[in-house]
Each structure stands twice: as structure tokens, then as C-alpha cells.
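Engineer: Here's my sequence, what's the structure:
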Amino acid sequence: MRPFHGLILQTERLRLRPFEPRDAAALFGIFSDPVVMRYWSSPAWTSPDEATAYITSESDAMRAEIQISLAITLRATDEVIGTCTLFDFMEQCRRAEVGYSLASAAWGKRYMHEALTALLDYGFVELDLNRVEADIDPRNARSARSLERLGFKREGLLRERWIVSGEISDTALYGLLRSEWSPRT
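Structural biologist: Next up is the predicted model:
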């Protein structure tokens with residue numbers, strides 16, 4: 001594995017970079033939005049302190065090389081519009097899981113496709129991953145389409161896997177193999 005701390009990935013419109021304390025307000029805006037959090041595995045944030053704790057936790061994990069956790073920012077303004085993460089690395093199997101979020105105001109502009117293309121390319125090329133997995137709520141059609149456009153295949157369903165704020169939901173499991181990966185524009 002390569003050091004994760006300080007990792008920056010750039011695309012035509014985006015810059016994926018480590019979180020900074022100044023990102024707290026933007027992250028709180030994303031993770032407190034019930035529309036964004038509708039299919040998340042935890043409830044919407046209710047306090048700005050949760051954003052500060054998130055930044056600390058994600059930064060610590062990057063320094064410890066446990067996961068890659070990046071803010072998705074617009075290159076032109078450095079505005080934080082989302083997050084993307086590679087986590088749960090299984091070094092022996094060369095496997096990781098991908099997670100992501102995007103501010104609802106940024107939906108429909110293919111930002112997530114652009115960000116995940118850069119992150120997955122880094123994972124498959126630089127980290128030599130063989131497989132990347134994603135775990136989404138099967139009702140989240142937008143997320144499913146994003147994964148499928150990137151080449152992920154739906155591989156299974158885990159029934160009643162999550163209980164968030166009293167609501168029980170299933171998980172759709174997706175996988176993408178290195179042999180299937182080619183950056184999609």
C-alpha cells in the first residue's frame with residue numbers, strides 16, 4: 001500500500017483531497033440533508049459537531065493508512081460537494097469497499113461519476129486492487145445507476161441488513177473486478 005495522507009486526485013472539473021477543518025460547514029450541509037441521507041446507513045446529522053468529529057476520524061484513518069477518505073471539491077472554487085472513500089481494505093485479497101456522498105444540489109451533473117472514476121483508477125492502478133465492492137440500499141436507483149455506469153455488477157441482496165432510525169432496509173451488493181475496469185468517460 002502507498003501512503004494515503006496528503007493524497008490528491010484531480011479530474012477535469014474536480015479535486016479530491018483530504019478533509020480540512022474548514023470543510024465542516026459544507027459536510028454538515030451534506031450529511032444533515034434528509035434527501036442525501038435517505039438511503040444512508042446512519043441517520044442525518046443533527047449537530048455541526050458531528051462534522052468536526054467526522055473530519056478528525058477520517059483524517060486519522062488516512063494517516064493510519066486504514067482508508068482513503070477524500071472531499072470532492074470543485075476545482076474552480078474548492079467548494080466541497082461530496083465525499084468518496086475506499087475502506088475495509090483486505091490486503092491479502094487486494095479488495096476494498098467504496099463509499100460516497102454528494103450534495104443534492106450537485107446531483108445530475110455527473111460529478112460522482114467523475115470522482116469515482118478517479119478514485120477507482122487510483123485503486124486499481126496505484127494500489128493494485130483486484131476487486132472493489134459497494135453496499136447500497138436497493139431502493140437508491142441513482143446510486144445503482146452510478147455504479148452500473150462504472151461497470152459494477154449487482155451480485156446479491158442481503159435482506160434486512162440495516163436498521164436506521166427504526167426503518168429496516170436491505171442491502172444490494174455490487175462488485176467490480178480489475179479485469180473489468182476501464183475508466184469510463
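Engineer: buried set for the longest helix seen in the chain?
Structural biologist: Longest helix in the chain by number of residues (criterion: DSSP state H): helix 48-63. By neighbour count on 16 or more other C-beta atoms under 10 Å, the buried set for helix 48-63 is 50-51, 54-55, 58-59, 61-62. Bear in mind the C-beta positions are built from the backbone N, C-alpha and C, glycine included.
Engineer: With stretch 174-185 instead?
Structural biologist: Judged by neighbour count using 16+ other C-beta under 10 Å, the buried positions of stretch 174-185 are 174-176, 181.
Engineer: Lowest-confidence member of those residues, which is it?
Structural biologist: Minimum pLDDT for the buried residues of stretch 174-185 is recorded at residue 181 (94).
Engineer: Can you tell me which of the buried residues of helix 48-63 lies closest to residue 156?
Structural biologist: residue 61 (27.0 Å; C-beta to C-beta).
Engineer: Name the nearest residue to the closest one, ignoring sequence neighbours.
Structural biologist: Closest residue to residue 61 apart from its sequence neighbours, by C-beta to C-beta, 6 or more residues apart in numbering: residue 67 at 4.7 Å.
Engineer: OK, contacts around the one you found?
Structural biologist: Counting by C-beta atoms under 8 Å, 6 or more residues apart in numbering, residue 67 touches 4, 58, 61, 85-89.
Engineer: The same query, at a cut-off of 10 Å, please.
Structural biologist: 4, 58, 60-61, 85-89, 96-97, 99 (C-beta atoms under 10 Å, 6 or more residues apart in numbering).
Engineer: Just the pLDDT at it, thanks.
Structural biologist: Reported pLDDT for residue 67: 95.
Engineer: for the one 3 residues further on, same thing?
Structural biologist: The predicted local confidence for residue 70 comes out at a pLDDT of 98.
Engineer: which of the contacts of residue 67 count as buried?
Structural biologist: 4, 58, 61, 85-86, 89, 96-97, 99.
Engineer: Where helices are concerned, which of those count?
Structural biologist: If you go by DSSP H, the buried ones among the contacts of residue 67 have 58, 61 in helices.
Engineer: Lowest-confidence one in the buried ones among the contacts of residue 67?
Structural biologist: Comparing pLDDT over those, the lowest score belongs to residue 4 (83).
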